[in-house]
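# kindly generate the corresponding structure for this input.
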Amino acid sequence: MKQTTFRFLLTISLLSSFLFGCGTASTSPEPDSVSHTYIYSDASLLNPERGFFTPYELPSPAGFSSVRITGNTLVHLNIRLDDWRESDLPEAMLNGLQTNFDDIREAGVKAIIRFAYNQGPYPDTEPDASKSQILKHTQQLTPLLQKNSDVIAWVEAGFIGAWGEWHTSTNGLDNIQDKQAILNALLAAIPDRFVQVRYPANIIEMYPNPEDAANAHVAHHNDCFLSSETDVGTYERNGESTIERDQKYLAELTLFTPMSGETCAPFPPRSECTNAVQEMELLHFSAINEAYHKGILRSWEEGGCLQEITDRMGYRLALTTADFNEQARPGGLLNLTVNITNSGFAALMNPRPLFVVLFPSPDGRGARGEGEFSAKLELDPRTWQSGGSSFTASIRLPSDMEEGEYNLALWLPDESETLQANPLYAVQFANENIWDESTGYNILGKVTVDSSVTGSYERGKSMQVEELSTDTAVPSDSPATVQPASGELIHNPQTTNDAENVIFSFDYISGQYNAFQLFIDTDQDPRTGFIVNGIGAEILVENDTWNTYNGSGSNWSWQTTEELISLEDTGSHVNWKISRSLLNTSQFDYIIQIADMNWDAAFVTDKQSYTVK
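Here you go, the predicted model:
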């Protein structure tokens with residue numbers, strides 16, 4: 001058994017919340033839940049903090065009102081400090097930047113920002129500034145950054161060298177000590193946003209573990225994406241390519257940090273559709289420059305992938321089903337289960353709350369107002385990675401709630417109080433006929449509140465979440481589900497059981513492979529066991545062998561046991577039969593993987609869950 005290459009996945013664990021009311025609930029039966037199915041929409045969405053960005057150069061009295069009209073919600077601000085390489089930033093300049101941020105807020109968009117002292121060129125670049133001057137400027141900019149962090153999506157580290165891209169410094173800053181000091185100052189200046197570093201090698205030197213980089217809010221931007229074998233030195237050190245090492249690291253880092261940048265020169269076939277989509281999936285791209293390089297963007301249009309890239313950059317959330325009781329009594333329970341898919345390259349990056357809302361409106365639409373109730377769910381939507389997720393909540397309604405018909409909605413507004421009421425900053429699901437643009441609500445259906453309905457009752461003045469559970473392992477049914485770049489080798493994975501065995505099966509495209517691998521997370525805790533594609537596996541079934549994990553994290557350390565597993569392989573269909581007593585659990589998560597003749601991952605399924613019946 002050899003080590004297999006995987007797409008490693010960091011997982012944020014979610015804890016259930018239990019908030020109890022004051023009274024004793026009655027024992028009358030709860031109203032039945034009704035299942036609702038939602039139609040997927042392939043329309044382009046103006047969702048915040050994702051997609052193509054519009055570039056601007058400041059200081060200038062730039063206007064941003066046209067950005068959303070062009071289909072973008074992000075701008076990139078290249079803030080030039082050339083005139084102050086050896087002096088403090090003047091108050092008038094800082095005031096001008098504040099006006100720019102006010103205009104950005106008014107336009108309903110957000111900004112990626114970079115500070116630089118020149119526009120190159122390479123190798124004979126114009127000067128940057130000294131370390132002491134950069135730190136002084138960072139100190140001066142701190143109040144501006146913190147005041148406007150609500151409309152800052154993330155920050156590029158900038159400052160150093162040509163274009164602020166961390167190379168060719170005329171002040172001798174091309175060393176890891178000075179880079180770390182400047183990065184730390186910028187992280188302290190805007191602690192609630194990610195700061196992107198240009199070169200993976202610098203990030204790896206400072207944070208050998210990608211989880212540590214993510215926790216420090218350090219991310220990556222690539223400003224020569226797909227433009228040579230090493231992306232023009234992005235993946236190169238001392239004349240040697242580091243692309244395999246760097247992309248493996250970045251694939252893990254970018255699960256929870258924003259990845260963006262631009263292309264800088266066509267380099268077919270690497271820069272064309274097939275590879276572009278594959279690498280954007282691998283690196284979880286959230287955003288890219290709409291203006292550069294036009295040759296590559298044109299090749300995507302001609303190759304037929306531009307629309308896919310447009311729609312899948314960042315997150316693309318869609319409802320598949322929701323189960324809830326369409327009737328409830330005042331003071332009664334609303335029981336809600338929601339299944340969601342994410343077909344985007346990435347997840348949400350910045351914190352964002354999730355509310356369940358009930359509001360009255362005869363026509364199903366309307367502004368917020370009197371008679372509206374909401375409850376915040378204590379879960380993190382940033383954990384909704386590509387694939388499927390679900391949550392179940394039991395919510396106690398106010399006992400003095402007026403009877404009548406209410407709209408039930410999910411609301412994902414901006415975290416900032418300054419933007420929370422603005423629907424332009426709320427997340428829209430990719431479904432037909434659920435979006436209310438006046439409120440930013442995604443409407444699930446209607447609930448009738450009637451005192452004659454049975455069910456438990458408790459007194460209270462507001463909606464309260466009594467129980468909440470989450471599951472990020474629901475298989476995705478969206479027509480736009482992300483598929484691994486290597487192709488759809490596995491089809492129709494199924495799990496069943498009888499009184500003695502659990503049976504795993506799948507169909508696959510015939511070919512030459514070294515192994516069929518079944519990874520099982522017996523305690524459903526991604527923090528324990530071998531980390532692979534969203535689970536922490538304690539068990540590996542490789543062909544007909546039963547292996548137990550004795551390592552930690554991503555270390556490939558398995559102990560092969562004497563247990564042999566029943567394996568049937570017809571050449572296009574695999575069937576494992578595993579004794580329930582050997583499995584020794586009634587609930588588990590799992591993924592299936594095919595290893596090719598080089599022991600690399602040819603295909604890996606999404607994380608799935610099963611409960612033995």
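# neighbours of the closest residue to L145 other than its chain neighbours, how many?
Closest residue to L145 apart from its sequence neighbours, by CB to CB, 6 or more residues apart in numbering: I190 at 4.3 Å. For glycine as for every other residue, the C-beta is placed from the backbone atoms N, C-alpha and C. Counted with other CB atoms under 10 Å, the neighbours of I190 add up to 22.
# where in the chain is pLDDT low?
For the chain, applying pLDDT under 70 flags the ranges 1-27, 362-369, 472-488.
# do a quick rundown of the helices in the stretch 301-450 of the chain.
306-312 (DSSP state H, counting those that start in this stretch).
# tell me which stretches of the stretch 151-300 of the chain form strands.
152-156, 195-197, 218-222, 236-237, 240-241, 259-261, 287-289 (DSSP state E, counting those that start in this stretch).
# ranking these by burial, who's on top?
Of all those, strand 259-261 has the most neighbours on average by mean count of other CB atoms under 10 Å, namely a mean of 28.
# now for that one, which elements pack on it?
strand 218-222, strand 287-289 (3 or more CB pairs under 8 Å, 6 or more residues apart in numbering; DSSP states H and E).
# okay, these in a markdown table with distance to S510 next?
Converted to a markdown table, the helices and strands packed on strand 259-261 look like this (distance: least, CB to CB, whole Å):
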| stretch | distance to S510 |
| --- | --- |
| strand 218-222 | 37 |
| strand 287-289 | 37 |
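# the helices in the chain, which residues?
For the chain, the helices defined by DSSP state H occupy 91-107, 131-147, 176-189, 200-206, 210-215, 243-253, 273-283, 294-303, 306-312, 580-583.
# nearest to N514, out of those helices?
Shortest distance between N514 and the helices of the chain, using CB to CB, is found for helix 243-253: 19.8 Å.
# if we look at the closest one, which residues are touching it?
With contacts defined as CB atoms under 8 Å, 6 or more residues apart in numbering, helix 243-253 is touched by 5, 7-10, 200-201, 203-204, 210-211, 213-214, 219-220, 229-231, 234-235, 259, 279, 282-284.
# returning to that earlier point: mind putting the helices of the chain into CSV with distance to N342?
Shown next, in CSV, are those (distance: least, CB to CB, whole Å):
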stretch, distance to N342
helix 91-107, 27
helix 131-147, 30
helix 176-189, 28
helix 200-206, 25
helix 210-215, 18
helix 243-253, 17
helix 273-283, 12
helix 294-303, 22
helix 306-312, 10
helix 580-583, 29
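# will you turn the ones you listed into a markdown table that also has distance to F115 and mean neighbour count?
Output for the helices of the chain, formatted as a markdown table (distance: least, CB to CB, whole Å; neighbours: other CB atoms under 10 Å):
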| stretch | distance to F115 | mean neighbour count |
| --- | --- | --- |
| helix 91-107 | 10 | 16 |
| helix 131-147 | 7 | 17 |
| helix 176-189 | 9 | 17 |
| helix 200-206 | 17 | 20 |
| helix 210-215 | 21 | 18 |
| helix 243-253 | 23 | 20 |
| helix 273-283 | 25 | 19 |
| helix 294-303 | 26 | 16 |
| helix 306-312 | 28 | 18 |
| helix 580-583 | 56 | 13 |
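# nearest to G440, out of the ones you listed?
Proximity to G440, assessed across the helices of the chain by CB to CB, is greatest for helix 91-107 (15.9 Å).
# got phi/psi on the residue nearest to A129 when sequence neighbours are not counted?
In this structure, A129 finds its nearest non-sequential neighbour in R85, 4.5 Å apart by CB to CB, 6+ apart. Note on R85: its backbone torsions stand at phi -60, psi -30 [degrees, to the nearest 10].
# OK, contacts around R85?
R85 touches 117, 127-129, 133, counting by CB under 8 Å, 6+ apart.
# R312 is nearest to which of the helices and strands packed on strand 259-261?
strand 287-289 (11.6 Å).
# pull the most distant pair out of the contacts of R85.
Farthest pair in those, by CB to CB: P127 and Q133, 10.7 Å.
# T257 reaches V218, doesn't it?
Yes. With contacts counted by CB atoms under 8 Å, T257 reaches V218, the gap being 7.3 Å.
# which residues do these two both contact?
The contact lists of T257 and V218 share F194, where a contact means CB under 8 Å, 6+ apart.
# which ones are touching Y292?
55, 262-264.
# got phi/psi on the residue positioned nearest the centre of the chain?
With distances taken as CA atoms, centre = their mean, the chain has A347 as the residue nearest its mean C-alpha position (1.1 Å). With angles defined as degrees, to the nearest 10, A347 sits at phi -110, psi 180.
# done for today, thanks.
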